[in-house]
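> return atomic coordinates for the entry below.
(2 chains)
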Amino acid sequence: MYRYDDDDKRLVRERAEQFRGQVERRIAGEITEEEFKPLRLQNGLYLQLHAYMLRIAIPYGLFSSGQMRQLAHIARTWDRGYGHFTTRQNIQFNWSKLDEVPDILDALAEVEMHAIQTSGNCIRNITTDHLGGVARDELEDPRPWCELTRQWSTFHPEFAHLPRKFKIAFTATPGLDRAAIKLHDIGVRLVQSADGDPGFEIWVGGGMGRTPIIGACIREFLPRRHLLSYLEAILRVYNLNGRRDNIFRARIKILVSSLGIERFRELVEEEWAASREDAMEFRDDEIARMQSFFAPPAYPAAGSSDELLLSYRQAEDLEFARFARNNVVLHKQPGYSAVVLSLKSFDAPAGDLSDTQMDSIANLADRFGFGEIRATHNQDLVLPDVRTSDLPELWRELQTLDVATANAGRLTDLICCPGLDFCNLANARSLPLAQEIRQRFDDLDYLDDLGPLSLKISGCINACGHHHVGNIGILGIDKKGEEFYQLMLGGSADDDASLGRVLGPAFSRDVIVGAVDRVLQTYLGLRESDDETFIEAYRRVGEAPFRDALYGQVLYANHPPA
Amino acid sequence: MATNGQPPGTTTVHVVTGNLTCAGTIVYLSADGSWQTALERARAFEREDEAKAELARVRVDEAEITEPYVFAAASRDGRVGPSSAREILRAAGPSTRLRRPD
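Numbering: from 1, shown residues only, chains lettered A, B, ... in the order given. So this is what the prediction gives:
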C-alpha cells in the first residue's frame, strides 16, 4: 500500500495543528460557528443529532492492521468504544468532543491517516473495487490510479470550493462493477483499446440523492497518461458552469443532464484541448513508481487451491460450507482466497465494529495475511490474502468475533445509512429497521434460496444508503413527525445499473418489514427457476405483480399505507 | 414511534435547543436561562415568536451554544415532551444498541 513520504507526513501534521488552533479559537468564542463550520467540515467534522461526528478517510478502502489498531485506540479513548464503516469505504466516530478532535487528528497522523476532504464541496475519498489487486477477473490493479488521483485531488486549490461535493470511483473488471462507477460524479473503468493499449473509459454525471441519475459515458478510451488532465477538464467545466444558487441543483449530474452529454462532452473536449499541453501527464516511470507501492506481497509458493475451496464449499460442516460459498472469493494468486467479514450480524448495528473487534481483526490480518484490510462500499471488511488452507481456522476465529455471518451478497448483507438515530439530515431511522430485517430473515437456507439480492436503506432523500440502486430499496420519510417508509424495486448498482421505482404509498414502521416479506414471497412465486435472480425476475415481469401483492390485498387493512 | 394522536389536554409549546459547542451535547434553554440536558426542564414558550426572539438572542450572545433552533413540543400537565420522531430521539438518544453507552 502507499506509504507517506516526509512531505505527506508534514502536511498532515501541520493540518492537524492548524485545526487545533481553529478549535481553540472557536471554544474561546473568538470565531463564530458560521466562520468555524467550513473549517471543521474541511476536516471531516460534522455536528450530528447528538454530538460531533468525525469522518476519517480510508483511501479506496485500503488500510493496515496498524491503522486498524489506531482506530480501535481512538474508539476506546475518545469515543464510545465503536466506529461505523460507511458506504464510502470510510469510518465514522459518532461521539466526538470538539476539544478532543485535535488529539484524534494527531493520533491519525501518527499512522498516516486523516479526515481531510471527507466533507465539504470538494473531491471526496476516492473509492474502488474492494477486491482491487486480488480479483481474478480484473484487468489491472486499480489502486495505483486511485492513489494518483487522491494525491492530485488532495488540497487541489482550484477544486477546493466546487458547487457541491464530488465523488470519483474506479473499477478494473470488464463487464462487472463492484464500485458502482455509474452512480458517481466521475466513474473510471480501466480498459484496453482494440490495439491492447491500456487506458480508461470515463463516465460522468451519475449520482443518487434527491435526483438519481445513471451516468453517461463521456469518453470510451482515454490513454492512461492523460488521466489527470482529462479529469481536470471535467472538473473545470463543472466548476465554471455548475449551479451555485441552488444546493439541490448543484451536483454535476444536473449540469450534465441539463446540457446533455453531447454538449457537456464538447465543453470538456474544448477545455482539454486548451489545457492539456500544460497539464500534468504521467510518465511511465511515475506510473511504475506508484504501482510499486501496490506490488503483490511476497506470497509463499503454493499450488492452485481451487479444488480445496470447492471441497470446503461442499464440506460436511454446513455452516463452514456456506461461509466458503458466500464469503470467500477466488484470488488471482494460486493458493489464496479473499474473505469477506460480515458487519451485518444478527443484532449489531450494520457497519459497526467495537474497539475489541477492531483489535482482533487487526491481529487476524497479520496472522492470516500480510497486515492488509479492505473496507467495502457494502459496509463489510475484507481480508484479501488468506491462504485457502487456513480458511477453517480463520472462520473459527471470525465466529468468535461475530463477523462470520455467511450472508455476503444476500438479503441481510444490506447497506444502511446511520439514519435518524444519528444523522441531522435524516427523516426516519434506518439502523433499527435494518436490524429487524436481519432478525426476521435470519434463516440462512432461506437467504441462499433467495440468492443474490441487494437491499439498501436510506433515512432520507440524500440516499447515503443507496436506496435507489437496491434490488429492494427503502427510503425513510417524515409525515407530520412520524416515520414512514417508501418501498422501491428494481435498482442495481452493477454494470447493468438501473434505478428502482417506487411502487406505491409509503408504509408505516410497523408494516414495512412485512411488505419486504411480501415482495420476497412474490419473487419466489414467480421466478422461472432457482437460478433466476430477483433482479432478473423483476426485469422480466415488471412491477405489476409486486405492486398487486403489496397494495392489492387486505394485508394492511388494520395498518393502511399512508 | 407514533407521535400523533396526542392525549386530550395536550398543547403545543415551543422550545429553544442547541448543542454545547465544546462537548456537542444536546441542551435545552430552561426558564432560569441556564442550559439543561433534560427536555423536561426546558422553558415552554407558549408563543413561537417569543421563542424565536430568544433564539435570536442566543445566536448573538451565547458562543457556548452551537446551531440553536426552535422546535414545537407537547405540553401536558405542565410537563414538556417531544412530539416528533426527531425530537424523541434527540431527547432519548439512539434507539440502536450502543457498544459502550457512556
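> quick one, helices of the stretch 451-562 of chain A?
A:512-526, A:534-541, A:544-551 (DSSP state H, counting those that start in this stretch).
> what angle separates the last one from helix A:534-541?
On the basis of axes from the mean of the first three to the mean of the last three Cα atoms, to 10 degrees, helix A:544-551 is oriented at 110 degrees to helix A:534-541.
> quick revisit: and the helices of the stretch 451-562 of chain A as a markdown table, adding distance to A:Val111 and mean neighbour count?
Bear in mind the C-beta positions are built from the backbone N, C-alpha and C, glycine included. Shown next, in a markdown table, are these (distance: least, Cβ to Cβ, whole Å; neighbours: other Cβ atoms under 10 Å in any protein chain shown):
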| stretch | distance to A:Val111 | mean neighbour count |
| --- | --- | --- |
| helix A:512-526 | 40 | 19 |
| helix A:534-541 | 40 | 19 |
| helix A:544-551 | 48 | 18 |
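> out of these, which gets nearest to A:Ala216?
Nearest to A:Ala216 among the helices of the stretch 451-562 of chain A is helix A:534-541 (21.0 Å), distances taken as Cβ to Cβ.
> tell me the mean pLDDT for that closest one?
Mean pLDDT, helix A:534-541: 98.
> return the set of buried residues in stretch A:109-127.
By neighbour count with 16 or more other Cβ atoms under 10 Å in any protein chain shown, stretch A:109-127 contains the buried residues A:109-127.
> show me what contacts B:Gly24?
A:Leu47, A:His50, A:Ala51, A:Tyr52, A:Trp95, A:Ser96, A:Lys97, A:Leu98, B:Thr66 (Cβ atoms under 8 Å, 6 or more residues apart in numbering or on different chains).
> show me where chain B has its helices.
Listed in chain order, the helices of chain B (DSSP state H) span B:48-61, B:85-92.
> can you say which of those helices is packed in most?
helix B:85-92 (a mean of 19; mean count of other Cβ atoms under 10 Å in any protein chain shown).
> what lies in contact with that helix?
Counting by Cβ under 8 Å, 6+ apart, A:49-50, A:420-421, A:428-429, A:478, A:481-483, B:1, B:3, B:17, B:26, B:39, B:71, B:73, B:81-82, B:95 sit against helix B:85-92.
> tell me what angle the lengthiest strand in chain B forms with helix B:85-92.
In terms of residue count, the longest strand belonging to chain B (DSSP state E) is strand B:65-76. If you take the same axes, to 10 degrees, strand B:65-76 sits at 100 degrees to helix B:85-92.
> leaving out chain neighbours, which residue sits closest to B:Arg43?
B:Ala31 (4.4 Å; Cβ to Cβ, 6 or more residues apart in numbering or on different chains).
> my guess is the one you found contacts B:Glu54, does it?
No: using Cβ atoms under 8 Å, B:Ala31 is not in contact with B:Glu54, being 11.1 Å away.
> specify the local secondary structure of A:Asp359.
helix (DSSP: H, G, I helix; E, B strand; the rest coil).
> quick one: contacts for A:Arg313?
By Cβ under 8 Å, 6+ apart, the neighbours of A:Arg313 are A:Ala321, A:Ala324, A:Arg325, A:Val328.
> among these, which are located in helices?
A:Ala321, A:Ala324, A:Arg325.
> list the contacts for the residue nearest to B:Tyr28 when sequence neighbours are not counted?
Leaving aside its sequence neighbours, B:Tyr28 sits nearest to B:Ala42 (Cβ to Cβ, 6+ apart; 3.6 Å). Contacts for B:Ala42 (Cβ under 8 Å, 6+ apart) come out as B:Val15, B:Val16, B:Thr17, B:Tyr28, B:Leu29, B:Ser30, B:Gln36, B:Ala73, B:Val80.
> turn those residues into CSV, including pLDDT and neighbour count.
Shown next, in CSV, are the contacts of B:Ala42 (pLDDT from 0 to 100; neighbours: other Cβ atoms under 10 Å in any protein chain shown):
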residue, pLDDT, neighbour count
B:Val15, 98, 22
B:Val16, 98, 25
B:Thr17, 98, 23
B:Tyr28, 98, 23
B:Leu29, 97, 26
B:Ser30, 96, 16
B:Gln36, 97, 15
B:Ala73, 96, 23
B:Val80, 93, 21
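> of all those residues, which comes closest to A:Arg251?
For the contacts of B:Ala42, the nearest to A:Arg251 is B:Thr17 (31.1 Å; Cβ to Cβ).
> in the sheet, which residues pair with the residue lying closest to that closest one once chain neighbours are set aside? Tell me.
Nearest residue to B:Thr17, sequence neighbours excluded (Cβ to Cβ, 6+ apart): B:Tyr28, at 5.0 Å. Beta-bridge pairing of B:Tyr28 under DSSP bridges involves B:Thr17, B:Gln36.
> which residue ranges form the strands in the stretch 151-300 of chain A?
Here the stretch 151-300 of chain A has its strands, by DSSP state E, counting those that start in this stretch, at A:168-171, A:186-192, A:198-204, A:216-223.
> just those: most buried one?
strand A:168-171 (a mean of 26).
> can I get that one in PDB? Just the C-alpha atoms.
Output of strand A:168-171 as PDB, limited to C-alpha atoms (Å, rounded to 0.1, in the frame of the first residue of the first chain):
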ATOM      1  CA  ILE A 168     -14.900   9.600  -8.100                       C
ATOM      2  CA  ALA A 169     -14.800   5.800  -8.300                       C
ATOM      3  CA  PHE A 170     -12.600   3.300 -10.200                       C
ATOM      4  CA  THR A 171     -13.200  -0.200 -11.300                       C
END
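> which other helices and strands contact it?
With contacts defined as 3 or more Cβ pairs under 8 Å, 6 or more residues apart in numbering or on different chains; DSSP states H and E, the packing partners of strand A:168-171 are strand A:127-128, helix A:143-153, strand A:186-192.
> give me the number of residues near the closest residue to chain B within the stretch 451-562 of chain A?
Nearest to chain B, among the residues of the stretch 451-562 of chain A, is A:Gly481, at 3.4 Å (Cβ to the nearest Cβ). Look at A:Gly481: counted by other Cβ atoms under 10 Å in any protein chain shown, it has 18 neighbours.
> need the nearest residue in space to it, chain neighbours excluded.
Nearest to A:Gly481 is B:Ser84, by Cβ to Cβ, 6+ apart, at 3.4 Å.
> ok, A:Asp197 next?
A:Pro223 is the one closest to A:Asp197 (Cβ to Cβ, 6+ apart), at 6.8 Å.
> do the same with A:His130
A:Thr376 (4.0 Å).
> how close does that neighbour get to A:Asn90?
12 Å (Cβ to Cβ, to the nearest Å).
> surely A:Gly83 is in contact with A:Asp352?
Yes: contact status for A:Gly83 versus A:Asp352: in contact at 7.2 Å, counting by Cβ under 8 Å.
> what about these two, which has more around it?
Neighbours around A:Gly83 and A:Asp352, counted as other Cβ under 10 Å, are more numerous at A:Gly83. The numbers are 27 against 23.
> can I assume that one sits in a strand?
Yes: using three-state DSSP, the secondary structure at A:Gly83 is a strand.
> so can I have JSON lines of the helices and strands packed on strand A:168-171 showing mean pLDDT and distance to chain B?
Output for the helices and strands packed on strand A:168-171, formatted as JSON lines (pLDDT from 0 to 100; distance: least, Cβ to the nearest Cβ, whole Å):
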{"stretch": "strand A:127-128", "mean pLDDT": "96", "distance to chain B": "25"}
{"stretch": "helix A:143-153", "mean pLDDT": "96", "distance to chain B": "29"}
{"stretch": "strand A:186-192", "mean pLDDT": "97", "distance to chain B": "32"}
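> between the ones you listed, which one is closest to A:Ala493.
strand A:186-192 (10.9 Å).
> who in chain A is up against chain B?
For chain A, the contact set with chain B under Cβ under 8 Å from any Cβ of the partner chain comprises A:26-27, A:29, A:32-33, A:47, A:49-52, A:80-82, A:95-99, A:347-349, A:352, A:354-355, A:420-422, A:428-429, A:431-432, A:435, A:478, A:480-483, A:509.
> check which helix or strand covers A:Asp442.
Assigned by DSSP states H and E, A:Asp442 falls within no helix or strand.
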